[in-house]
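[1] Below is the structure, and that's it, no one-letter string:
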């Protein structure tokens with residue numbers, strides 16, 4: 001059907017209107033296209049607007065945040081950076097060389113300049129194996145000042161050492177002591193330490209579990225250990241674990257990670273254990289193992305000088321002691337430091353192998369020895385058994401073993 005003339009006129013009028021509108025807008029479209037800025041012009045134009053952003057207003061810090069900040073500020077002066085220094089003497093030349101061996105964390109225990117840390121912080125290692133301990137340390141306080149320290153007490157079984165720091169007592173702020181027997185899983189905790197050498201680092205978490213058991217480097221196990229998900233990394237060892245009141249509830253000691261870094265499972269020695277062991281170490285230097293009457297050469301020295309990697313070289317024997325009466329032989333050197341007679345090498349104790357001095361001390365700390373103990377001794381190329389009768393010891397005062 002053909003369209004009517006009226007419809008044709010309507011369609012034509014519409015087309016003419018669209019064409020007129022397009023023609024009217026054409027100059028503006030052409031002008032806009034001609035004036036489109038380049039990318040560089042856009043960049044330069046917006047450079048002119050460079051200025052600091054306005055700071056958005058925020059509400060006050062939450063009560064939890066304020067408490068964390070306050071507790072960190074309170075505890076920071078009590079947390080120290082520990083650097084272990086190993087003095088090694090060459091028996092041939094008598095020269096002493098000081099070797100930096102590692103770093104970690106510690107905290108001020110009391111107003112008399114005592115600092116507590118993990119024993120493994122101040123050990124000498126070779127290819128991942130602990131072969132000796134240090135006597136001298138450097139301790140850096142929160143104000144950045146460094147002081148000399150001495151190791152005055154050690155428990156190998158509990159991986160605890162006490163340092164005497166020769167700093168002004170007024171600069172040593174003791175950390176508040178809490179209790180670990182009433183801790184609960186889910187309770188908030190904070191860890192402060194020096195992970196990877198980054199001093200006074202704070203991490204937060206909760207108590208993940210209680211009553212854990214962890215091994216030490218001396219074939220012993222520490223009981224009632226606290227598990228936490230607060231990040232603990234290498235360098236945190238010896239640092240405090242605090243509750244939300246800022247009190248010490250544990251000493252960060254170990255992590256459970258094949259990578260050697262934090263995966264949210266850290267372990268801390270409970271403060272109740274510290275509060276029992278540390279005073280004994282301050283007073284007596286150790287947990288009073290039985291007196292046997294001999295001293296041994298340090299494991300590091302034994303390895304460096306004689307190439308001995310297992311067992312203990314007897315260095316000194318008190319004639320009036322169980323060791324002396326049993327005929328244990330000591331190392332003999334002449335005036336020039338040359339070895340005249342090799343001392344006995346202790347390979348076993350009560351049927352178990354002796355790896356190093358720390359492992360041996362740990363065995364003595366945790367066990368009540370019998371009246372008679374038996375050592376497996378390497379002497380003149382042969383392994384023999386030497387019995388020490390501890391019951392006949394006349395001297396009661398503690399001495400070196």
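    Done, it's in. From a predicted model like this one, the values you see are computed outputs, not experimental measurements.
[2] residues in contact with the residue nearest to residue 154 when sequence neighbours are not counted?
    The spatial neighbour of residue 154 that comes closest, neighbours along the chain excluded (Cβ to Cβ, 6 or more residues apart in numbering), is residue 161 at 4.6 Å. In this view, the C-beta of every residue, glycine as well, is placed from N, C-alpha and C. When contacts are counted by Cβ atoms under 8 Å, 6 or more residues apart in numbering, residue 161 is found next to 116, 117, 118, 119, 121, 122, 151, 153, 154, 155, 281.
[3] Looking at the third one now. What's its pLDDT?
    The pLDDT attached to residue 118 in the predicted structure is 93.
[4] Tell me the backbone dihedrals of it, please.
    Main-chain dihedrals, residue 118, degrees, to the nearest 10: phi -80, psi 140.
[5] Report the contact partners of residue 107.
    Contacts here follow Cβ under 8 Å, 6+ apart; on that basis residue 107 touches 78, 79, 80, 115, 116, 117, 175, 238, 239, 240, 248, 251.
[6] Which other helices and strands does the helix or strand where the fourth one lies contact?
    Assessed by DSSP states H and E, residue 115 sits inside strand 114-118. Counting contacts by 3 or more Cβ pairs under 8 Å, 6 or more residues apart in numbering; DSSP states H and E, strand 114-118 is packed against strand 79-89, strand 96-108, strand 160-165, strand 248-255, helix 271-284.
[7] quick one, strands of the stretch 251-400 of the chain?
    Secondary structure of the stretch 251-400 of the chain by DSSP state E, counting those that start in this stretch: the strands cover 266-270, 294-296, 312-317, 332-333, 339-341, 345-349, 352-353, 372-379, 382-389.
[8] Who is the closest residue to residue 185 other than its chain neighbours paired with across the strands?
    By the measure of Cβ to Cβ, 6+ apart, the closest residue to residue 185 outside its immediate chain neighbours is residue 207, 5.4 Å from it. Going by DSSP bridges, residue 207 is paired in beta bridges with residue 228.
[9] Let me know how buried residue 162 is, in neighbour terms.
    Residue 162: 27 surrounding residues under other Cβ atoms under 10 Å.
[10] now do residue 366
    17.
[11] Run through the residues that contact the closest residue to it other than its chain neighbours.
    Nearest-residue entry for residue 366: residue 157, 4.9 Å, with adjacent residues in sequence omitted and distances by Cβ to Cβ, 6+ apart. Applying Cβ under 8 Å, 6+ apart to residue 157 gives the contacts 216, 218, 220, 222, 287, 361, 362, 365, 366.
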